[in-house]
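In: here is a sequence with its predicted model. Questions after.
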Amino acid sequence: MNAPVYTLNSESKDQIALSEAIFEAAINEDLMAQAVRVFLVNQRQGNANTKTRSEVTGSTRKIYKQKGTGNARHGDIKAPIFVGGGIVHGPVTHSFTLSFPVKMRRAALRSALSAKAEKVVVIDGLLGVEAKTKIVLSAVRLAKGESKKPLIVITGEMDGVKQALRNSDLFEYMNVTDLNTYEVLNHDALIFTKEALPILDSWLGKKKVE
């Protein structure tokens with residue numbers, strides 16, 4: 001599998017061979033669905049919390065006597081039936097975190113990258129580029145093609161690219177080491193910097209048991 005390479009001047013330079021272990025792996029839709037579910041669930045903070053009748057502020061005095069009033073029997077004012085009383089079976093603070101084995105996570109990412117292999121483009125020359133939006137956008141526009149929602153995969157040293165792209169809502173960028181199944185599937189094209197491919201291959205390219 002080859003991908004086109006573009007220069008900083010948005011000129012077609014050559015083609016580069018992509019790792020077969022990463023971009024030509026077997027596509028496991030069930031595993032990708034599981035990876036996406038785990039990713040989205042782990043974004044939940046679980047901060048919602050309600051107070052029971054034992055936690056709300058209020059008197060514990062019985063509001064009126066048990067018999068003779070003609071009204072229903074009640075205890076204190078903190079009962080759930082009253083405004084300002086406790087909440088029954090409400091949400092409480094807890095963690096929604098799910099675990100996902102590393103081998104399964106990497107296999108799902110390889111499946112996602114293989115599914116998007118035909119939409120992979122490589123840009124050469126972004127390392128050390130000046131932190132100006134105009135320069136970076138001119139470099140990635142041709143690589144973007146007709147895609148409406150591309151993801152630019154960069155390395156940690158590309159501070160200039162980060163500063164330039166944060167001023168634009170046309171592109172989203174991500175460090176190659178943070179790449180995950182959800183982000184790959186959530187974008188219609190992947191624009192890799194040439195420096196990001198060796199890093200991707202170093203931790204994802206080794207053959208794993210699917």
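Out: Yep, it's here. Residues are numbered from 1 along each chain as shown.

In: what about the helices in this structure?
Out: Here the chain has its helices, by DSSP state H, at 20-23, 29-41, 102-115, 133-144, 159-165, 181-185, 196-204.

In: show the pLDDT at Lys134.
Out: For Lys134, the model assigns a pLDDT of 73.

In: what does Phe82 give?
Out: 96.

In: how about Leu200?
Out: As predicted, Leu200 sits at a pLDDT of 94.

In: can you tell me which residues contact it?
Out: Residues near Leu200 by CB atoms under 8 Å, 6 or more residues apart in numbering: Ser19, Ile22, Val153, Val176, Leu179, Phe192. Any C-beta I mention is one placed from the backbone N, CA and C, and that applies to glycine too.

In: can you pick the most crowded of those?
Out: Val153 (27 neighbours; other CB atoms under 10 Å).

In: lowest-confidence stretch among the helices of the chain?
Out: Here these differ in mean pLDDT, and the lowest is helix 133-144 at a mean of 74.

In: which strands or helices does it pack on?
Out: Secondary structure elements in contact with helix 133-144, counted by 3 or more CB pairs under 8 Å, 6 or more residues apart in numbering; DSSP states H and E, are strand 2-6, strand 120-123, strand 150-154, helix 159-165, strand 189-193.

In: nearest to Ala26, out of the ones you listed?
Out: In terms of CB to CB, the element of the helices and strands packed on helix 133-144 nearest to Ala26 is strand 120-123, at 17.6 Å.

In: parallel or antiparallel, list what pairs with the closest one.
Out: If you go by DSSP bridges, strand 120-123 pairs up with strand 2-6 (parallel), strand 189-193 (parallel).

In: if we can go back for a sec, which one of the contacts of Leu200 is nearest to Gln43?
Out: Ranked by distance to Gln43 (CB to CB), the contacts of Leu200 are led by Leu179 at 16.3 Å.
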